[in-house]
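1. Sharing a model that was predicted from the sequence below.
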Amino acid sequence: MEIIHVSAECYPVAKAGGLGDVVGALPKYQNQLGHIAKVVMPMYRTKFLYEHDFDIVHKGSFGMGTYWFNYTIIKERTNKLGFDLYLVDINGLLDRESVYGYGDDTERFTAFQIAVVDWISQWQHRPDVVHVHDHHAGLVPFMMQHCFGYRHLSAIPTVLTIHNAQYQGQMGWDKSKYLPHWDTWEWGKLDWRNNINPLACAVKCVKKVTTVSQSYLEEMRYSANGLESLFEYEKGKCTGILNGIDSAVWNPSTDAFIEPNYTLADAAKGKQANKKMLCDLFNLDIEKPLFIFIGRLVHEKAADLLPQVIYDSVYHMEGRMNFLVLGSGEAAVEWELENMKSQLAGYYNSKIGYNEKLSHQLYAGADFLLMPSRVEPCGLNQMYAMRYGTVPIVRNTGGLRDTIIDFGDPGGYGIRFNDATVGDITYSIHRALEMYTQPKLLKKIMTTIMELDFSWETSAGQYINLYERLK
């Protein structure tokens, strides 16, 4: 089969979160199963763009309301990522350094989607599946089915993967003029609560909806930022497929970002060496357990609770641990985390921003990973951490529930708690400290988690089975 993935992110081209990791890995593993998976995404001005060679494969133009845009499709020349990568360039809209965060993001991603559909409409053949990811590509199925100029694409099966239903891309009905000439009898497909809602539109239009874990699929029927009734109504077309991780990228024995590399056989020694590097760099005590947080500093990740959690843990547990935070997000949370450095010097430090290399080093050198998320559709960080022998401390939600068993339960290997509260998180940290004082238990858990298989092979096959059922 020929599968076209349409996404706003793809690691290592451009990444803001887990979406980028998934789209950077899933197509590669689908190709390894004997299929032809391709990715098309915006051409941001990123380091990847300037370090690789591209060929121009198509030029076109389209109208969007009162605007007229020319677009160019370029293809990465060497197949470096293990699949064909296509970038959409629209001068003035997509040629930005960052993926999101601009005042005209609605216009940027609407134009991107129009360009993708316009390009595919001019192919001499038809792909077998168009697989769209999150709301940034959510209007593609509607345009293929209900825009008059593209209706010849309507027979192509479409699939939506929801990586995070909290973000839906809503826009006012005044923006409907952006869409290519469409059948107004179908306005209900676009509408949700008197706005155009690209994510809801995709759910209505595609043949199949997948979410990135089974538990998150169930949770969306009662917690989906206003789309709960839609997921209840459309539950027959929905399925949960747990994300995998790219075991070639996330491998402590070969990871070029860490030093030294290590395997299960010498994990304790290897982790200690990586921990020493971190403690020296961030002025922390190597003799104490190191707790880390890596991710977006936003409400859904419960990052707003971190300052109080860290203060309470250090003061009420007599400074028996270190904390290190890596991430960016809400300005107030960033400020509070940075302001704590002087007050908790020697016990806590932070690095505000995105740093891929440092994230690998943290997984390799830390003892415990904190993931107190209020919402976590799948979560990849806990899988990365376990691959490196770092014990995850997670809230009992979404994909965290599906991947972590509490060490107090039969066969357990992590720490799980129920509520995103300071009390529950600090109690879990206390449990981690008790685990840390039992070397035999900690070694047993480290061995267990490093042997767990969260690679993409199984999940990629599940997607292929789903596509085949669309024929």
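-> Arrived safely, thanks for sending. On a predicted model such as this, the values are computed, not experimentally measured, just so you know.

2. can you tell me which residues contact the residue nearest to residue 121 when sequence neighbours are not counted?
-> Excluding the flanking residues, the one nearest residue 121 by C-beta to C-beta, 6 or more residues apart in numbering is residue 150, at 5.0 Å. For the C-beta atoms, the positions are set from N, CA and C on the backbone; glycine is no exception. Applying C-beta atoms under 8 Å, 6 or more residues apart in numbering to residue 150 gives the contacts 117, 118, 121, 143, 144, 180.

3. Dihedrals phi and psi, the closest residue to the last one other than its chain neighbours?
-> Leaving aside its sequence neighbours, residue 180 sits nearest to residue 147 (C-beta to C-beta, 6+ apart; 4.4 Å). With angles defined as degrees, to the nearest 10, residue 147 shows backbone torsions of phi -90, psi 130.

4. hang on, residue 147 packs against residue 179?
-> Yes. Contact criterion C-beta atoms under 8 Å: residue 147 and residue 179 qualify, at 6.6 Å.

5. Compare the two and say which is more crowded by neighbours.
-> With neighbours defined as other C-beta atoms under 10 Å, residue 147 and residue 179 compare such that residue 147 has more, 22 against 19.

6. Look up the residues forming beta bridges with that one.
-> Assessed by DSSP bridges, residue 147 has beta-bridge partners residue 182.

7. Just the pLDDT for it.
-> The per-residue pLDDT reported for residue 147 equals 98.

8. distance of it from residue 194?
-> Residue 147 sits 22 Å away from residue 194, going by C-beta to C-beta, to the nearest Å.

9. pull the CA atoms of stretch 454-463 into CSV?
-> Taking Å, rounded to 0.1, in the frame of the first residue of the first chain, the C-alpha atoms of stretch 454-463 are listed here in CSV:
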residue,chain,number,x,y,z
PHE,A,454,7.7,-0.7,23.3
SER,A,455,9.2,-0.7,19.8
TRP,A,456,7.1,0.3,16.8
GLU,A,457,6.9,-3.1,15.1
THR,A,458,3.7,-4.2,16.8
SER,A,459,1.9,-0.9,16.5
ALA,A,460,2.9,-0.4,12.9
GLY,A,461,1.4,-3.7,12.0
GLN,A,462,-1.8,-2.8,13.8
TYR,A,463,-2.1,0.3,11.6
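
10. can you list the residues that contact it?
-> Around stretch 454-463, the neighbours that count as contacts under C-beta under 8 Å, 6+ apart are 25-26, 28-30, 32-33, 131, 210, 241-247, 383, 386-387, 403.

11. one more time with 6 Å
-> 25, 29, 30, 241, 244, 245, 247, 383 (C-beta atoms under 6 Å, 6 or more residues apart in numbering).

12. Could you confirm the residue nearest to residue 121 falls within a helix?
-> Yes. Per DSSP: H, G, I helix; E, B strand; the rest coil, residue 150 lies within a helix segment.

13. State the pair within the contacts of stretch 454-463 that is farthest apart.
-> Spanning the widest gap among the contacts of stretch 454-463 are 30 and 383, at 19.1 Å by C-beta to C-beta.

14. got a list of what the closest residue to residue 392 other than its chain neighbours touches?
-> Excluding the flanking residues, the one nearest residue 392 by C-beta to C-beta, 6+ apart is residue 382, at 4.0 Å. By C-beta under 6 Å, 6+ apart, the residues touching residue 382 are 371, 392, 394, 403.

15. Mark which of the residues you listed are part of strands, please.
-> Counting by DSSP state E, the contacts of residue 382 place 371, 392, 394 in strands.
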